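Chemist: please work out how this folds:
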Amino acid sequence: MFRSDLFKTIAILIMLIAGMLSGNSAYAGWNPGGPIKLMIGFKAGGGADTQARLIAEELQARHGWKIIPSQVMGKGGINLANAIKKSPNDGTVIGMFVSETFGYNLVVSKKTGLELDDFTPLVTTAAFEMGIVAKYSQGWKTFHDVIAAAKSGRQIRFGAMSQKLADLAYLLARNNGVEFNIVMTKGGKGVMNSLNAGDIDVGFVAGIQARSVASGDMVNLASGLSRPLKQTPEAPVMKDLGVQFDADGYFMFAAPAGLPAQARQELSKIIAEIVNDPSSKPGGFIQKAFGGASVITGDDLDHFLEQQYKSAEQLLKAVMD
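Modeler: Residues are numbered from 1 along each chain as shown. Okay, here's the model as predicted:
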């Protein structure tokens, strides 16, 4: 009897192990059914576009998949979101976004009919290092100096590259008892160019200021985030400046809703492996441009985007009050 039970137990274990190995083999064997179209929601040649194209090259090199990058820009990623929503959900179409697209930009674009449920979030690659930046020659050391200058009667021109950042700049002024002349620019490079040209006095920049700050040409007066900046951790954060909202966000990939779980897991996993590898070209670029990879996947990413959406609704309400 004992030997019979032992043989049965061994047989069951063999079946379980075989099933696990079979499942792992199926998981590892997922491949797209054709070339992957990578839609990029950023201007060609910029930091985000460069990051996306380097990841595409590494995917091709490591896995033999053909990746076809293309630009789909406009409306803060909403044009890209519309294109992704209408695409096949089999893993052959993915998009490179900023998480703000699925938060603030989705909230203010409700007339488009887009919802969070229209997308399958895959993986984040790098976090914003959003600073409030000025030329060193201004003589300001922290954002409190900007507030003091505004209270003394100086008109402060504040650059913002998105409507959400413009709203944050408005709250920074209102909650500190001053007014800013908010100037909209095209991307962080536009803010940097305007700062260098003297067309604005201060502005939000999402990481590309690092070299100028390191050289002493510019200064991070504050972090636009809920956390300190890696480069200048002593700079105040948004809460220190009287604003309960922030510009926290990530560069990220997403696919259409209904993407099979196996495809989602595999795409997320291999992109995460690439950006977490500092010896790879995209990993090295992300380390240099954004201070290193910041990877969120699965349920954690779903939760972050849901919270970001709710926060955007609250931000809009605060601006209107």
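Chemist: identify the residue spatially nearest to the most centrally placed residue in the chain, adjacent ones excluded.
Modeler: Nearest to the geometric centre of the chain sits residue 250, at 1.8 Å (Cα atoms, centre = their mean). Distances taken as Cβ to Cβ, 6 or more residues apart in numbering place residue 124 nearest to residue 250, at 3.8 Å, with adjacent residues excluded. No exception for glycine: its C-beta is placed from N, CA and C like everyone else's.
Chemist: which residues touch the longest strand belonging to the chain?
Modeler: Ordering each strand of the chain by length in residues (DSSP state E) puts strand 119-127 first. With contact meaning Cβ atoms under 8 Å, 6 or more residues apart in numbering, strand 119-127 is reached by 51, 55, 81, 84-85, 89, 94, 99, 102, 248-259, 264, 267-268, 271-272, 275, 286, 289-297, 301-302, 305.
Chemist: and it, what's its mean pLDDT?
Modeler: Averaged across strand 119-127, the pLDDT comes to 97.
Chemist: what's the answer for stretch 226-235, then?
Modeler: The model assigns stretch 226-235 a mean pLDDT of 95.
Chemist: now stretch 106-116
Modeler: Here the average pLDDT along stretch 106-116 is 88.
Chemist: start to end distance for it?
Modeler: 8 Å (Cα to Cα, to the nearest Å).
Chemist: now it: buried residues?
Modeler: By 16 or more other Cβ atoms under 10 Å, the buried positions in stretch 106-116 come out as 106, 107, 108, 109, 112, 114.
Chemist: which one is residue 304 nearest to, not counting chain neighbours?
Modeler: That would be residue 296: by Cβ to Cβ, 6+ apart, it lies 6.1 Å from residue 304.
Chemist: residues contacting the one you found?
Modeler: 123, 124, 250, 304.
Chemist: how about a cut-off of 10 Å?
Modeler: Residues near residue 296 by Cβ atoms under 10 Å, 6 or more residues apart in numbering: 99, 121, 123-125, 127, 250, 252, 268, 272, 302-305.
Chemist: in PyMOL, select just the buried ones from those residues.
Modeler: Here is the PyMOL command that picks out the buried ones among these, judged by 16+ other Cβ under 10 Å:
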select buried, resi 99+121+123+124+125+127+250+252+268+272+304+305
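Chemist: where along the stretch 101-250 of the chain do the strands fall?
Modeler: Counting by DSSP state E, counting those that start in this stretch, the stretch 101-250 of the chain has strands at residues 119-127, 131-135, 156-160, 180-184, 202-205, 218-223, 250-256.
Chemist: what angle sits between the helix or strand harbouring residue 311 and strand 250-256?
Modeler: Take DSSP states H and E as the rule and residue 311 turns out to sit in helix 298-320. With axes from the mean of the first three to the mean of the last three Cα atoms, to 10 degrees applied, the angle from helix 298-320 to strand 250-256 works out at 110 degrees.
Chemist: circling back: in CSV, list the contacts of residue 296 along with distance to residue 172.
Modeler: Formatted as CSV, the contacts of residue 296 follow (distance: Cβ to Cβ, whole Å):
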residue, distance to residue 172
99, 21
121, 30
123, 32
124, 26
125, 28
127, 21
250, 22
252, 26
268, 35
272, 34
302, 30
303, 28
304, 24
305, 25
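Chemist: looking at the contacts of residue 296, spot the one nearest residue 242.
Modeler: residue 127 (23.4 Å; Cβ to Cβ).
Chemist: re earlier: of the strands of the stretch 101-250 of the chain, which stretch is the most buried?
Modeler: strand 202-205 (a mean of 27; mean count of other Cβ atoms under 10 Å).
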